[in-house]
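Asks: no letters, just coordinates:
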């Protein structure tokens with residue numbers, strides 16, 4: 001690999017790392033909010049009010065996906081899988097909570113959901129990058 005290609009690869013890996021951490025922190029915070037602030041019952045009641053199917057199950061799954069998945073993104077563990085699951089999570093949030101409110105978050109809109117979904121899709125596509133547990137495990141296996 002040439003020096004230019006190595007530099008590009010390093011810059012891309014740093015970019016992926018920073019994106020993973022930023023997106024992971026936001027998801028982790030939202031999952032902890034569901035768990036610690038609203039609680040399972042409060043989150044399920046909110047989901048029921050939005051018309052989310054199986055609100056208790058959906059609230060449990062969303063809470064723990066956001067907590068465990070957020071931590072996984074930060075560490076760089078199973079990033080393509082977690083990214084894909086977050087895309088589905090954000091599609092649900094868009095459809096059930098934000099689509100009718102326009103784009104602006106101040107109006108209850110979908111701008112954050114769109115940004116998190118797009119970022120998650122990108123991470124699902126490109127993977128964890130060089131600075132991740134995924135990369136470390138690949139190096140150990142080979």
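Replies: Received, thanks. Keep in mind the model is a prediction, meaning the values are calculated, not measured.

Asks: element containing the most centrally placed residue in the chain, please.
Replies: Central residue of the chain (CA atoms, centre = their mean): residue 86, 4.5 Å from the mean position. Residue 86 belongs to helix 79-93 when assigned by DSSP states H and E.

Asks: which other helices and strands contact that helix?
Replies: On a contact count with 3 or more CB pairs under 8 Å, 6 or more residues apart in numbering; DSSP states H and E, helix 79-93 meets helix 3-32, helix 55-75, helix 111-126. C-beta: built from backbone N, CA, C; applies to glycine.

Asks: so how far is the shortest one off the chain centroid?
Replies: The chain centre lies 7 Å from the centre of helix 111-126; the measure is CA atoms, centre = their mean, to the nearest Å.

Asks: pull out the buried positions in the helix or strand just after that helix.
Replies: Next helix or strand after helix 111-126 toward the C-terminus (DSSP H and E): helix 133-141. By neighbour count on 16 or more other CB atoms under 10 Å, the buried set for helix 133-141 is 134-135.
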